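Enquirer: Quick check, what structure comes out for this input:
(4 chains)
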4 protein chains.
Amino acid sequence: MPTIYALSETMIMSETIKVTVWNEGIHETRVDTIREIYPEGIHGAIAKALRTEPDIETRTATLADTEHGLTEDVLQNTDVLTWWGHIAHADVDDAIVARVRRRILSGMGLIVLHSSHFSKIFKSMMGTNCSLRWRDASEKERLWNLEPGHPITQGIGDFFELPQVEMYGERFDIPTPDKLIFVSWFEGGEVFRSGCCWERGNGRIFYFRPGHETYPIYYNADVIRVLVNAIRWACPQINASTEDCLNPGPLENIIK
Amino acid sequence: MPTIYALSETMIMSETIKVTVWNEGIHETRVDTIREIYPEGIHGAIAKALRTEPDIETRTATLADTEHGLTEDVLQNTDVLTWWGHIAHADVDDAIVARVRRRILSGMGLIVLHSSHFSKIFKSMMGTNCSLRWRDASEKERLWNLEPGHPITQGIGDFFELPQVEMYGERFDIPTPDKLIFVSWFEGGEVFRSGCCWERGNGRIFYFRPGHETYPIYYNADVIRVLVNAIRWACPQINASTEDCLNPGPLENIIK
Amino acid sequence: MPTIYALSETMIMSETIKVTVWNEGIHETRVDTIREIYPEGIHGAIAKALRTEPDIETRTATLADTEHGLTEDVLQNTDVLTWWGHIAHADVDDAIVARVRRRILSGMGLIVLHSSHFSKIFKSMMGTNCSLRWRDASEKERLWNLEPGHPITQGIGDFFELPQVEMYGERFDIPTPDKLIFVSWFEGGEVFRSGCCWERGNGRIFYFRPGHETYPIYYNADVIRVLVNAIRWACPQINASTEDCLNPGPLENIIK
Amino acid sequence: MPTIYALSETMIMSETIKVTVWNEGIHETRVDTIREIYPEGIHGAIAKALRTEPDIETRTATLADTEHGLTEDVLQNTDVLTWWGHIAHADVDDAIVARVRRRILSGMGLIVLHSSHFSKIFKSMMGTNCSLRWRDASEKERLWNLEPGHPITQGIGDFFELPQVEMYGERFDIPTPDKLIFVSWFEGGEVFRSGCCWERGNGRIFYFRPGHETYPIYYNADVIRVLVNAIRWACPQINASTEDCLNPGPLENIIK
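Expert: Just a heads-up that it's a prediction; the model follows:
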């Protein structure tokens, strides 16, 4: 679907949604069994899946890149940023986090994946601790679709299943989502708000739970379907800063 | 109203709501005309009003105090913190902001007043820029009551008026409030979401617009009524951290 | 906790929360095994539990009573109405439903229990179909506490369990709750939004899932704890109609 | 923009959004001054504006038509229904209202215009009284844009003005909107939530305030722009009933 959107001052027409797939990219270089699952990295697997979509133009970036691959120029040319991090949240530069945050509030979409619940960027957008229960016991997860009419769930039925996952359970310390899309059932007895939408500034944020590095989650067709839908949903209407306070004169007479 | 609440581990019974009234306290010391309005500081005026309520126990703290008057001990003994800042937001120590944030997420209520929309603590709790339009032209404001059944509006009619105020106008860059309580009409032609509730972690937050330093707003009976109602509404049920991720075993058998 | 609240014109002070426990009351009279569980009816069991709370004054009403026991006088003297129905939703008089609806919008709290998701009053307050998945297979339910800081969950831990229940599963066709309190995990593989808050007019509504007639759910201490908490939460601040449109003159000069 | 959407059983691809513009159509036939403003009726004026949009296919229907022009067949072939009523709300057949309500919950979008706040269909979707303050004094209205990043406000600046309108003021007795888009400032001193989004069942609802019969509001370019944007926003993803409760077997073993 071609995208038409407007900057506050200038009009932009784009044929494609520009996606930057970000990954801390550490597990894959250090652990053989993980590299076997994701030989091109988690970012490589996600990017490959997205490249089959004709309306999505994908690049990747990782922690090891200069400025983590997230220069001002890259961000200005990104409609939607997907984020995967786990063991190196603390290594992400605060100045880059602040830059990403500014860009989201100006309109860029953000898709937060799995263990990125504890990333600096997600915590700073939410204002909460984003803590949760967790357990890695290769258990079954079933994600229930609470919003069959929402753009993010198109092509998904009543639920979909993942045979072996790391468990995340409630209470997830997040602000009440603007829209709750998926709730997970876990074999071990927990539940979790696995798909959550928020709107912040001019930008849209989607948290999507699936994705541990030791399971081939990002090859699952339902997971990719949701990811693609979420990218289209998060694609911005405008690119306009919300940082400044205007100080205009009155629009009506003021009687002193 | 006596307050009964529970810590997660220990039970606490308190006869009173413990309020800390925080003020940057700079305008009043530097500008004669402002000191004339608030000879004991904005914090002094608010605290004096709160002290007429038998169920509220009030202390004050300012930027100039050691650790801004917000030590760990003070915060642990604070049910609700009210915050007024304006020209010295940048001078508030980041470590103190982080400490206040932790305490809010553990349950402490936060009342954010007027120009504190741009305080570090409010911006960090909201995740947005909290920008707005503004104009200081001594104009009339009328605050409309959108939630007559809500605890914060008890004793307030359909609206109340302030004859001379600084104007704040939309768009106010905040997350959609969990509950929108007041919308202001301004003589000069703008509107504003002047009373907004959010829940974050275990804590409650209320933004309340009235209160510029050059007008005697904190002597207005309706403003004080709302403030007292908001303090009672924001009084916590529990004091429990949401920082840690638990890693429990399964509650049900997992079939491998 | 004594209750102090205000009518828009007259002030009322009440020492107690007045609760009317409504039950269609049919299963218990027709089926021996159900009567054995609830010999005084579901309403009798709930009322007995509430009567141990010193701040709650309880009466009961059933479908068989004149005007279903819900006369204008009873409703005007009810702060919170609890509702249990199942096989006789269609037998509830539309005029009584309209009367209850008016009273809720004026401030009365409503607690909707279990199969009352399909009651006329709940569907008319929600505006949706309130459909869901269901199965009666005596399975285990675990209700997860998503809001440990909320008044409704005080005294409840991370979760509580019911050993044998009828299952309700998503998608539950309801408006996004103003606050989602409990999510259930079911042994058979489903999840459900089991505790949901809404505010409508001047009134508060809580849907609470537990309670099938063939299980002794209303003798469970956690269920009763939540019910009592919800009654206190739903107790109104005011009793004021929202039916009429006022037609006032202007508050400011209009320039023609 | 071509629209691609899916029925739960069958896939549908449509080049256009099918809109039905409904009007009670009484003022225009009875009052000369109103007929002069809307010689083809309010529905005629709206339909004419929509017909300039290549992706929108428009038909009209009125109270006087058989089944008010809203047969099952018409509704099944309507993506978005716009509704204008005022003095004849009571004359709309309850069975037709129920039919429209079913279709909205299955996915059809609903745009509720001006005095239709008191229509049967809007009240039944909201569950509240939908009352408000009003005054017809030819005053100025300024609609402030609270969500510059939302699809409904594209092409609209910080605000837009209408020189002469009937006033609607708060408190508007509605459920908290899922998203609040516009707040109006009125010359006479009131404010109003003039653009509100809700999601119900599989359908989307937008209330838009402008539009009294005695002013040429539906020729205003900003009003039409918002209306067109809202129609695109409300266009359904699916057409699927939410009326029935499924009774499936368990997905996991239940241990008795």
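
Enquirer: any chance you could map the helices in the stretch 1-150 of chain A?
Expert: Taking DSSP state H, counting those that start in this stretch as the test, the helices found in the stretch 1-150 of chain A are A:27-30, A:32-37, A:41-50, A:72-76, A:94-106, A:120-126.

Enquirer: What of the stretch 151-256 of chain A?
Expert: A:221-234.

Enquirer: Identify whichever of the helices of the stretch 1-150 of chain A lies nearest to chain D.
Expert: helix A:94-106 (9.1 Å; C-beta to the nearest C-beta). (Each C-beta comes from the backbone N, C-alpha and C, glycine too.)

Enquirer: For chain B, see how far away the most centrally placed residue in chain A is.
Expert: Centroid-nearest residue in chain A, with C-alpha atoms, centre = their mean: residue A:111, separated by 1.0 Å. Noted for residue A:111: a distance of 16 Å to chain B, by C-beta to the nearest C-beta, to the nearest Å.

Enquirer: Can you list the low-confidence ranges for chain A?
Expert: By pLDDT under 70, the low-scoring segments of chain A are A:1-14, A:256.

Enquirer: Leaving out chain neighbours, which residue sits closest to residue A:179?
Expert: residue A:197 (4.2 Å; C-beta to C-beta, 6 or more residues apart in numbering or on different chains).

Enquirer: which ones are touching the one you found?
Expert: Residues in contact with residue A:197 (C-beta atoms under 8 Å, 6 or more residues apart in numbering or on different chains) are A:152, A:177, A:178, A:179, A:180, A:181, A:204, A:205, A:206, A:233.

Enquirer: count of neighbours near the first one?
Expert: In terms of burial, residue A:152 registers 25 neighbours under the definition other C-beta atoms under 10 Å in any protein chain shown.

Enquirer: hang on, isn't it packed against residue A:225?
Expert: No. In this structure, residue A:152 is not within contact of residue A:225 by C-beta atoms under 8 Å, at 9.6 Å.

Enquirer: Let me know how buried the nearest residue to residue A:85 once chain neighbours are set aside is, in neighbour terms.
Expert: Take residue A:85 and drop its neighbours on the chain: the residue closest to it by C-beta to C-beta, 6+ apart is residue A:24, 4.3 Å away. The number of residues packed near residue A:24 is 26, by other C-beta under 10 Å.

Enquirer: And residue A:24, how far from residue C:193?
Expert: 34 Å (C-beta to C-beta, to the nearest Å).

Enquirer: Tell me where the stretch 101-250 of chain A has strands.
Expert: A:109-113, A:133-145, A:159-169, A:179-186, A:191-200, A:203-208 (DSSP state E, counting those that start in this stretch).

Enquirer: Nearest to residue C:74, out of those strands?
Expert: strand A:179-186 (36.9 Å; C-beta to C-beta).

Enquirer: Summarise which helices and strands the closest one is packed against.
Expert: With contacts taken as 3 or more C-beta pairs under 8 Å, 6 or more residues apart in numbering or on different chains; DSSP states H and E, strand A:179-186 sits against strand A:133-145, strand A:159-169, strand A:191-200, strand C:179-186, strand C:191-200.

Enquirer: what inclination does that strand have with respect to strand C:179-186?
Expert: 30 degrees (axes from the mean of the first three to the mean of the last three C-alpha atoms, to 10 degrees).

Enquirer: List the contacts of strand A:179-186.
Expert: A:139-147, A:150, A:152-153, A:165, A:167-169, A:191-197, A:206, A:208-209, A:226, C:170, C:176, C:180, C:183, C:185-186, C:189-191, C:193, D:178, D:199.

Enquirer: Check stretch A:113-123 too.
Expert: Residues from elsewhere that reach stretch A:113-123, judged by C-beta under 8 Å, 6+ apart: A:82-86, A:89, A:92, A:94, A:97, A:100-101, A:104, A:110, A:112, A:129-132, A:168, A:172, A:207-212, A:217, B:245.

Enquirer: Stretch A:98-107 near chain B at all?
Expert: Yes. Residues of stretch A:98-107 contacting chain B under C-beta under 8 Å from any C-beta of the partner chain: residue A:105.

Enquirer: Stretch A:56-68 near chain D at all?
Expert: No. Contact of stretch A:56-68 with chain D (C-beta under 8 Å from any C-beta) is absent, the minimum separation being 15.7 Å.

Enquirer: from the middle of its chain, how far away would that stretch be?
Expert: 14 Å (C-alpha atoms, centre = their mean, to the nearest Å).

Enquirer: Can you give me the buried ones in that stretch?
Expert: Of the residues in stretch A:56-68, those with enough neighbours to count as buried (16 or more other C-beta atoms under 10 Å in any protein chain shown) are A:56, A:57, A:58, A:60, A:61, A:62, A:63, A:68.

Enquirer: from those, which is closest to chain B?
Expert: Closest to chain B, out of all of the buried residues of stretch A:56-68 and judged by C-beta to the nearest C-beta, is residue A:68, at 20.4 Å.

Enquirer: Might you report the residue contacts of the closest one?
Expert: Contacts of residue A:68 by C-beta under 8 Å, 6+ apart are A:22, A:61, A:62, A:92, A:93, A:96.

Enquirer: Filter the contacts of stretch A:113-123 down to the buried ones and hand me the ChimeraX line.
Expert: ChimeraX command restricting the contacts of stretch A:113-123 to the buried ones, with burial defined by 16+ other C-beta under 10 Å:
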select /A:82,83,84,85,86,89,92,97,100,101,104,110,112,129,130,131,132,168,172,207,208,209,210,211,212,217 /B:245
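
Enquirer: what's the distance between the residue of the stretch 1-150 of chain A found nearest chain D and residue D:239?
Expert: Nearest residue of the stretch 1-150 of chain A to chain D (C-beta to the nearest C-beta) works out as residue A:149 at 3.3 Å. Distance, residue A:149 to residue D:239, using C-beta to C-beta: 10 Å.

Enquirer: Please flag which of the contacts of residue A:68 sit within strands.
Expert: A:22, A:61, A:62 (DSSP state E).

Enquirer: Can you tell me which of those residues lies closest to residue D:158?
Expert: The closest of the ones in strands among the contacts of residue A:68, once distances to residue D:158 are taken by C-beta to C-beta, is residue A:22, at 33.3 Å.

Enquirer: From what I see, the closest one and residue A:88 are in contact.
Expert: No. Here residue A:22 does not reach residue A:88: they are 11.8 Å apart, not a contact under C-beta under 8 Å.

Enquirer: Counting neighbours, go ahead and name the busier of these two.
Expert: Neighbours per residue, other C-beta under 10 Å: of residue A:22 and residue A:88, the larger number sits with residue A:22, 32 against 14.

Enquirer: check contacts around that one.
Expert: With C-beta under 8 Å, 6+ apart, residue A:22 has these contacts: A:43, A:60, A:61, A:62, A:68, A:69, A:70, A:81, A:82, A:83, A:84.

Enquirer: which bits of the stretch 101-250 of chain A sit near chain C?
Expert: A:142, A:144-148, A:158, A:169-172, A:176, A:179-180, A:183-186, A:189-191, A:193.

Enquirer: Tell me which residues touch residue A:59, please.
Expert: A:18, A:19, A:20, A:21, A:47, A:74.

Enquirer: Let me know how buried the second one is, in neighbour terms.
Expert: Right, residue A:19. Residue A:19 has 27 neighbours, counted by other C-beta under 10 Å.
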